[in-house]
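Participant: Got a sequence here, can you model it:
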Amino acid sequence: EKQAAQAQQTAQQQAEKLAADAKRLADEAAQNNDDANLAQQRDAAKKAADEAANQATAAQQALEAKQKELTEATQQAETAKAEMETAKQAADAATAAEKQAQDEQKNVAKRATDLANAAKPKDIDTFAASTPITLVVYEAPIELSAASPAAAIKQGESGEVAVSLKRLLGYNDEVEIQAQAPNGVSGLALKNTKVDAGQTEVKLAIEANAQATPGEHQITVRAKPKYNGQTLEVVQTVAVKIEAVEAEKK
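Facilitator: Take a look at the predicted model:
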């Protein structure tokens, strides 16, 4: 716009100068009517005036072209500014949406944590009146008893210990029976056995060899029921007497 104004001012100044020159020449021509070059001076003045008019027209056209360029540039700048503003608004909206999504994610995570904590088992003190109840706790679902042999077992012979069970709590499975002689006692063979499912009695065989330790010994009898996936143990001791046999005299 500044350049267009300067061009217009320059063209106007040139036109004014040419017009002044033309007027001066015309005046000189009027004063010298008798001069032989009058026609040439008039033609020169007219030509100068025409050139001044043409230059003024060209300057005006140049000014209009510059103004048009300026207008178009201004419009383009305004369009770019509007597009930048639109892009900024879109970016601001995207940033706000992202922040909102992050906040919502945090809220969801917090609610999930709160729900998980609320669902955890908690100790609660409470009181409820009820009638008294009696609890009976059994170490196993059976009771074990073992009876000593009716007579002493002589060296080189065998005997039996009667083992009986009292089943509790509806328990009806088979029960393994084991027997063990005390330390220091030798010569006794104790065979493990079992009480079949639904049964309550079994005979535990005892064999005494010829060198079995004589005397009364406390034999340990173990009953091993399986209950709720666990092997339990009930222990009972029973007295077994081993009678020495004298060697035959030769």
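
Participant: pLDDT below threshold where in the chain?
Facilitator: For the chain, the stretches flagged by pLDDT under 70 are 1-5, 7-8, 26, 28-39, 41, 248-250.

Participant: residue ranges for the helices of this structure, please.
Facilitator: With helices called from DSSP state H, the chain shows them at 2-31, 38-119.

Participant: As TSV, those helices with distance to Val195 and mean neighbour count would be great.
Facilitator: The way it works is simple: take the backbone N, C-alpha and C, and place the C-beta from them, glycine included. Output for those, formatted as TSV (distance: least, Cβ to Cβ, whole Å; neighbours: other Cβ atoms under 10 Å):
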stretch	distance to Val195	mean neighbour count
helix 2-31	121	14
helix 38-119	47	12
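
Participant: Output these in a markdown table; the columns should cover distance to Ser158.
Facilitator: Formatted as a markdown table, these follow (distance: least, Cβ to Cβ, whole Å):
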| stretch | distance to Ser158 |
| --- | --- |
| helix 2-31 | 136 |
| helix 38-119 | 65 |
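
Participant: nearest to Ala197, of the ones you listed?
Facilitator: Closest to Ala197 of the helices of the chain, according to Cβ to Cβ: helix 38-119, at 43.4 Å.

Participant: For Val163, name its beta-bridge partners.
Facilitator: Judged by DSSP bridges, the bridge partners of Val163 are Ala146, Val202.

Participant: thought it was touching Glu176?
Facilitator: No. Between Val163 and Glu176 there is no contact under Cβ atoms under 8 Å: 11.2 Å.

Participant: Quick check: neighbours shared by these two?
Facilitator: Listed contacts common to Val163 and Glu176 are Ala223; contacts here mean Cβ atoms under 8 Å, 6 or more residues apart in numbering.

Participant: more crowded one of the two?
Facilitator: Set Val163 next to Glu176 and count neighbours by other Cβ atoms under 10 Å: Val163 wins out with 24 against 15.

Participant: dump the residue contacts of that one.
Facilitator: For Val163, the contacting residues are 144-146, 177, 193, 195, 201-204, 221, 223, by Cβ under 8 Å, 6+ apart.

Participant: Most neighbours among the residues you listed, which one is it?
Facilitator: Ala223 (24 neighbours).

Participant: ok so, going back, in the contacts of Val163, find the pair that's most separated.
Facilitator: Ser145 and Thr193 (15.4 Å).

Participant: Quick check: phi and psi at Pro182.
Facilitator: phi -70, psi 160 (degrees, to the nearest 10).

Participant: same check, this time on Thr134
Facilitator: For Thr134, the backbone dihedrals are phi -110, psi 130 (criterion: degrees, to the nearest 10).

Participant: Please tell me how far it sits from Ala128.
Facilitator: Going from Thr134 to Ala128 by Cβ to Cβ, to the nearest Å gives 18 Å.

Participant: got it, and Lys191?
Facilitator: 54 Å.

Participant: Look at those two and report which has more neighbours.
Facilitator: Lys191 (12 against 4).

Participant: Skipping adjacent residues, who's closest to the more buried one in space?
Facilitator: Of all residues not flanking Lys191 in the chain, Ala205 sits nearest, at 5.0 Å (Cβ to Cβ, 6 or more residues apart in numbering).

Participant: Was I right to think Val175 contacts Arg222?
Facilitator: No. Here Val175 does not reach Arg222: they are 10.1 Å apart, not a contact under Cβ under 8 Å.
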